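J.: Next one to model:
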Amino acid sequence: MSETARTTIDDGEVERFSRIAAEWWSPTGKFRPLHKFNPVRLAYIRDQVAAHFGRDPRSDKPLAGLRLLDIGCGGGLLAEPMARMGAEVVGADASRTNIEVASLHAVQSGLDIDYRATTSEDLAAGGERFDIVLNMEVIEHVADVELFLKSCADMVKPGGLMFVATINRTMKAMALAIIGAEYVLRWLPRGTHQYEKLVRPEEIEGPLAAAGMAVIDRSGVFYNPLSDQWNLSRDMDVNYMLLAQRPSASGI
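T.: Numbering: from 1, shown residues only. Here you go, the predicted model:
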């Protein structure tokens, strides 16, 4: 396959999420797990960005002055809190239906977010650059992982950050994130995740290193059924997050 023919779009995945797009903002609907997951990932992003850019994480606008891309933004569950924290937000998704839902909700919320129905490779080809790229729970749904990671990395400014969150390709993840979450607990529609499309940490770190990025933090995320909350963990066997940095122009 030629380079120009490569794409990150998996048409089946786009169609799957487009069909349930109306439920993005329902905390008891098909995206309930993401609503539950949001507090831990929002805190992780805020704290890491504040530490990296010398901000106060407890301030009202810790991301003020920073340009941020939420790639695979869905209905805007991350984009809106990022905007409220002061970031200049671009939300991109391959599903036009998702973008329509996200745009309408942003207007209703009184937020100015630049939503676009597009792909990472098209954004990168257009010369877009960001201080922060959020790549959260999307990589396991793309058609070309390496192209996706390279195009996302190419948009990170010198000294900037990229966050990646996904599910590990392990038997433990198969048992908990697919069989448990989709078939037993029915937290997610069946078929939301396919085991063969799950991504191991080294399959992310390799392409990022080739694109000039360095992973500077790794964290697992686990669900505590007793507290009904997600928490950070050292266990990366199921859900995990990686934080990568592009070295600054000075090499620091």
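
J.: Check which helix or strand Val221 maps to.
T.: Element membership for Val221, per DSSP states H and E: strand 214-224.

J.: Can you give the strand pairings for that strand, parallel or anti for each?
T.: With DSSP bridges as the test, strand 214-224 is paired with strand 229-233 (antiparallel), strand 239-245 (antiparallel).

J.: Of these, which shows the lowest average pLDDT?
T.: Set side by side, the strands paired with strand 214-224 give their lowest mean pLDDT on strand 229-233, at a mean of 93.

J.: Now do that one: everything it contacts.
T.: With Cβ atoms under 8 Å, 6 or more residues apart in numbering as the test, strand 229-233 has contacts from 36-37, 39-41, 44, 219-224, 239. Yep, even glycine has a C-beta here, placed from its N, CA and C like the rest.

J.: Flag every buried residue along it.
T.: Buried positions in strand 229-233, judged by neighbour count with 16 or more other Cβ atoms under 10 Å: Trp230, Ser233.

J.: all helices of this protein, in order?
T.: Taking DSSP state H to define them, one finds helices in the chain at 11-19, 32-53, 79-84, 96-109, 120-125, 145-154, 171-173, 201-210.

J.: would you turn those into JSON lines with mean neighbour count and mean pLDDT?
T.: Conversion of the helices of the chain to JSON lines gives the following (neighbours: other Cβ atoms under 10 Å; pLDDT from 0 to 100):
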{"stretch": "helix 11-19", "mean neighbour count": "16", "mean pLDDT": "78"}
{"stretch": "helix 32-53", "mean neighbour count": "17", "mean pLDDT": "94"}
{"stretch": "helix 79-84", "mean neighbour count": "22", "mean pLDDT": "98"}
{"stretch": "helix 96-109", "mean neighbour count": "18", "mean pLDDT": "94"}
{"stretch": "helix 120-125", "mean neighbour count": "19", "mean pLDDT": "96"}
{"stretch": "helix 145-154", "mean neighbour count": "22", "mean pLDDT": "97"}
{"stretch": "helix 171-173", "mean neighbour count": "15", "mean pLDDT": "92"}
{"stretch": "helix 201-210", "mean neighbour count": "16", "mean pLDDT": "97"}
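
J.: Redo those helices as JSON lines? Include distance to Pro247.
T.: Formatted as JSON lines, those follow (distance: least, Cβ to Cβ, whole Å):
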{"stretch": "helix 11-19", "distance to Pro247": "33"}
{"stretch": "helix 32-53", "distance to Pro247": "13"}
{"stretch": "helix 79-84", "distance to Pro247": "24"}
{"stretch": "helix 96-109", "distance to Pro247": "32"}
{"stretch": "helix 120-125", "distance to Pro247": "18"}
{"stretch": "helix 145-154", "distance to Pro247": "12"}
{"stretch": "helix 171-173", "distance to Pro247": "32"}
{"stretch": "helix 201-210", "distance to Pro247": "12"}
